[in-house]
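Undergrad: Quick one: sequence plus predicted model below, questions after.
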Amino acid sequence: MNNMPRWFNDAIFYQVYPQSFCDGNGDGVGDFVGLISKLDYIKQTGFNALWINPCFDSPFKDAGYDVRNYFKIAPRYGTEEDARKLFEEAHKRGMRVLLDLVPGHTSDKCRWFVQSAKPYRNRYSDRYIWTNSGWARPEGYNWVTGNADRDGTYMLNFFLNQPALNYGFNKINDPSWQISYKDKRVKPTLRAMMKVMRFWLDRGADGFRVDMADSLVKNDPDKSATASLWRKVRRMLDAHYPEAVIVSEWCNAPVAINKARFHGDFLLHHGDKLTDHAFYKRDEAGKSVAYFCKTAHASAHDMLRRYVEELQATRNNGYICVISGNHDVVRLSEFLDESERRLAFVFLLTLPGAPFVYYGDEIGMRYIPQRSKEGGFHRTGSRTPMQWNDELPNCGFSSAPASKLYLDVDRRPDAPCAERQMKDASSLWSLVRELALLRHSRVDLQAESDFAVEECSDDGVLCYRRGERTFVLFNPTDQERESTVLVGKKLFELGSATSNNGATLLAPQTAVIFEK
Ligand code: GLC
C-alpha cells in the first residue's frame with residue numbers, strides 16, 4: 001500500500017478513555033501514571049496500539065474535546081514528562097500511541113479565542129468564524145452573541161463552548177463575512193494545527209485520531225476543500241514523519257481515504273453501516289434485527305453491501321477501521337448478550353483494516369446509566385471506570401473514597417472484572433486474547449489482506465476468505481444451519497462445524513476460522 005507505515009497493517013487498537021482507565025494518584029480520576037501501570041495488561045490482551053481520548057488542557061465541558069491549550073497535558077492526567085514516559089514505555093513494549101486531535105474547534109477559553117473575541121484587530125481575529133455584527137444570525141449554522149466585546153456573532157462547531165476554527169468557506173454566499181478557504185487570512189489555522197501535530201510527534205506520539213475531521217471548511221458540500229487541507233497534512237507527515245498514522249472520524253472512507261488521504265477512517269454507527277447491521281439494528285417494535293442477534297436470523301447481505309463497496313473503493317489507499325464501540329455510543333453489551341458478542345469479536349478481529357476495541361468491551365463491561373458528566377449526557381454510561389477487580393468500593397480503579405470517583409463503577413455482584421477473567425480460560429477476555437494473537441500470527445488476517453465473500457445465505461450463514469487461504473465461517477443464529485463451504489484445518493472454533501455429506505453442519509452460534 002502506498003506510503004503506509006508497516007506497523008499499521010498488524011495494529012489492533014485499544015481505545016482508552018483516560019478519565020476512567022486507572023487512577024495512579026488516588027484523586028478519583030484516571031491519569032497517565034495509572035495508564036502506564038496498565039500497559040502490560042493491554043499488551044497481554046493482544047493489543048499493540050492505543051488511541052487515547054483528548055488529554056490536553058481543557059475546562060472539560062465536553063470531556064476534553066474542548067481544548068484550551070494544545071501544547072499542555074491536562075493537569076488531571078499529568079505532565080508533558082508523563083506523556084513522554086507513556087510513549088517511551090509503550091514503544092518499549094512494541095506498542096504505538098495515537099492521541100486525539102480536535103482540529104475543528106477549541107474551547108472558548110483557549111487563548112486564540114480570547115484574543116479573537118477582542119474588539120480590535122489582532123493576529124487571531126480571523127482564527128474563528130465571525131459575522132460583522134453582533135445581531136447577525138445567518139441561517140444554517142449555530143451562533144453565539146453577547147458573549148464578547150467584539151461586534152460580531154461567532155459560529156459554533158458543536159457545543160456552546162466550542163467555537164469553530166476558521167479554515168474558510170468553499171462556496172461563498174456572503175462575502176461580507178465569509179472568507180475563502182484559499183484566502184491567506186485563514187491559512188494560519190491549518191499551520192497552527194500542523195504545529196500541534198509536530199509538537200506531539202516530536203515528543204514520541206505515533207499519530208492521531210482526528211475528531212470531526214470533515215468539519216474544517218464550511219459550506220463544502222462535496223468536502224473537496226476540506227480534503228485538500230488534509231492532503232497538505234499528509235504531505236507533511238509523509239515527508240517528516242513517515243511512521244505516523246492519522247485516522248479520521250469522518251465515516252465516509254472513499255472521501256476520507258482517497259481524497260483527504262487519511263491512513264484510516266472510522267466506520268461509525270451512522271445508519272445503514274456495517275456495525276449498525278451487525279450489532280445495533282432494531283425494528284420499529286424495538287426488537288433486535290442485528291446480524292449477531294441469535295434470534296434475528298438476519299442475512300449478512302445488507303450488513304456487507306456498502307462495506308464491500310467501500311472496501312473496494314479504498315483498496316491500496318487506506319484502512320476502514322471498525323470499532324467494538326466508543327465513548328459516544330451505548331456499550332455493545334446493551335445490544336448483544338455475551339454469547340452473541342463472542343461471535344461479534346470473531347467478526348471484528350478478522351475483518352480487514354484496523355480493529356478498535358473500546359476499553360472494557362474485552363471483559364463485557366456494562367452501560368451504567370448515571371448523571372451526565374462533562375457533556376456526556378447519555379454517553380456517560382459508557383464512560384465508567386474500568387473494572388479491574390471485584391474489590392469494593394472501586395473495583396481496583398482508584399484508591400480515592402468512592403464519593404470522589406470520576407464516575408461510579410459497576411458495583412453489582414455480577415459485574416465483570418479483568419482479574420477474574422484473566423484467570424479463566426473460558427472467559428470473554430480469553431477469547432478476545434486468543435483472536436488477537438491469532439491475527440498477529442497470520443498475515444492473512446491482517447489489515448491489507450484480501451476480503452472476499454464466499455457464501456452469504458438468506459438464513460444467516462456467512463463465509464469470507466481473508467488473504468490467500470484463511471476463511472471465517474459463521475452461523476450466528478440459535479438454530480442449526482448448513483453451509484456449502486467445506487471446512488479445512490481449523491485454527492479457531494466456537495460452537496461446532498462438522499462435515500456432513502459434502503456440506504458443513506453448523507451448530508447454533510458457531511464461528512470457525514480455518515485454512516485451506
Ligand atoms: C466527536 C467526539 C465527541 C465529541 C465531539 C465534539 O464526535 O467523538 O465525543 O463530543 O466530536 O468534539
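TA: Sure, I can see it. Numbering: from 1, shown residues only.

Undergrad: what's near enough to touch the residue of the stretch 401-516 of the chain found nearest the ligand?
TA: The shortest separation between the stretch 401-516 of the chain and the ligand is 15.1 Å, found at Leu407 (distances taken as Cβ to the nearest ligand atom). Yep, even glycine has a C-beta here, placed from its N, CA and C like the rest. Under the criterion of Cβ atoms under 8 Å, 6 or more residues apart in numbering, the contact list for Leu407 reads Gln19, Ser20, Ile368, Gln370, Lys373, Thr380, Arg383, Thr384, Pro385.

Undergrad: Would you list the buried entries among those residues?
TA: Listed as buried from the contacts of Leu407 are Gln19, Ser20, Ile368, Lys373, Thr380, Arg383, Thr384, Pro385; burial here means 16 or more other Cβ atoms under 10 Å.

Undergrad: Check those and tell me the two furthest apart.
TA: Using Cβ to Cβ, the buried ones among the contacts of Leu407 reach their maximum pairwise distance at Gln19 and Ile368, which is 14.2 Å.

Undergrad: just to revisit the earlier point, out of the buried ones among the contacts of Leu407, the closest to Leu311 would be?
TA: Closest to Leu311, out of all of the buried ones among the contacts of Leu407 and judged by Cβ to Cβ, is Arg383, at 30.7 Å.

Undergrad: Near the ligand, which residues of the stretch 51-200 of the chain? Just list them.
TA: Residues of the stretch 51-200 of the chain that fall close to the ligand, judged by Cβ under 6 Å from any ligand atom: Asp62, Tyr65, Val102, Phe158.

Undergrad: With neighbour count as added columns, please give these in a markdown table.
TA: Formatted as a markdown table, the entries for these read as follows, by neighbours: other Cβ atoms under 10 Å:
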| residue | neighbour count |
| --- | --- |
| Asp62 | 21 |
| Tyr65 | 27 |
| Val102 | 28 |
| Phe158 | 19 |
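
Undergrad: Ramachandran coordinates for the residue in the chain that the ligand sits nearest to?
TA: The minimum distance from the chain to the ligand, using Cβ to the nearest ligand atom, falls at Tyr65 (3.3 Å). Torsion angles at Tyr65 (phi, psi; degrees, to the nearest 10) stand at phi -80, psi 10.

Undergrad: now do Ser224
TA: Per-residue torsions, Ser224: phi -70, psi -40 (degrees, to the nearest 10).

Undergrad: Show the contacting residues for it.
TA: Applying Cβ under 8 Å, 6+ apart to Ser224 gives the contacts Asn170, Lys259.

Undergrad: That one and Arg231, how far apart?
TA: Here Ser224 is placed at a distance of 10 Å from Arg231 (Cβ to Cβ, to the nearest Å).

Undergrad: Check Thr380 too.
TA: From Thr380 across to Arg231, the span is 37 Å (Cβ to Cβ).

Undergrad: on that earlier part again, tell me which of the contacts of Leu407 has the lowest pLDDT.
TA: Lowest-confidence member of the contacts of Leu407: Gln370, scoring 93 (pLDDT).

Undergrad: Hmm, that residue is touching Ser382, no?
TA: No - with the criterion set as Cβ atoms under 8 Å, Gln370 and Ser382 do not qualify as a contacting pair; they are 10.6 Å apart.

Undergrad: quick one: contacts for the residue of the chain closest to the ligand?
TA: Pro54, Ser58, Asp100, Val102, Phe158, Gln162, Asp211, Gly375.
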